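Peer 1: Dropping a prediction and its sequence here:
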Amino acid sequence: MSIVRHFIARKYLIDFGFSSSFYVAHLVSSTGTIPPYDVFKTSGPTHAQVYWDLISHKEQLNWDYR
């Protein structure tokens, strides 16, 4: 679990008294690292479409799109 996801889940538990499952997407390169700035800058529309498809699907899909 990423540290960001951990803090969000903890805050949700404190504020509402119960935990919730949710997903946080991170844009990574094919090797799992932060992509170069030029790739990151131009990949916004593709990243948004993939994320939308994943969160809109009725069943949980594989989130690793490296």
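Peer 2: All right, it came through fine.
Peer 1: what sits against residue 61?
Peer 2: Contact analysis of residue 61 by CB atoms under 8 Å, 6 or more residues apart in numbering lists residue 54. Every residue, glycine included, has its C-beta placed from N, CA and C.
Peer 1: Read off the pLDDT value for it.
Peer 2: Here, the pLDDT recorded for residue 61 equals 70.
Peer 1: I'd guessed residue 34 sits against residue 28; true?
Peer 2: Yes - between residue 34 and residue 28 a contact is recorded at 6.8 Å, counting by CB atoms under 8 Å.
Peer 1: So for the two, which residue has more residues nearby?
Peer 2: residue 28 (14 against 11; other CB atoms under 10 Å).
Peer 1: can you pull the contacts of the residue of the chain most remote from its centre?
Peer 2: Here the chain reaches farthest from its C-alpha mean at residue 17, the gap being 23.7 Å by CA atoms, centre = their mean. If you count contacts by CB under 8 Å, 6+ apart, residue 17 has none.
Peer 1: Now find how far off-centre stretch 46-62 is within its chain.
Peer 2: Counting by CA atoms, centre = their mean, to the nearest Å, stretch 46-62 is centred 10 Å from the centre of its parent chain.
Peer 1: likewise stretch 44-64?
Peer 2: From the chain centre to the centre of stretch 44-64 is a distance of 9 Å (CA atoms, centre = their mean).
Peer 1: Can you report how many residues lie near residue 35?
Peer 2: 16.
Peer 1: Which strand or helix spans it?
Peer 2: Counting by DSSP states H and E, no helix or strand carries residue 35.
Peer 1: gap between it and residue 44?
Peer 2: Plainly put, residue 35 is 12 Å away from residue 44 if you go by CB to CB, to the nearest Å.
Peer 1: do the same with residue 55
Peer 2: On the measure of CB to CB, residue 55 and residue 44 end up 16 Å apart.
Peer 1: try residue 57
Peer 2: 21 Å.
Peer 1: Over to residue 59?
Peer 2: On the measure of CB to CB, residue 59 and residue 44 end up 26 Å apart.
Peer 1: before we move on, what about residue 10?
Peer 2: Using CB to CB, residue 10 is found at 29 Å from residue 44.
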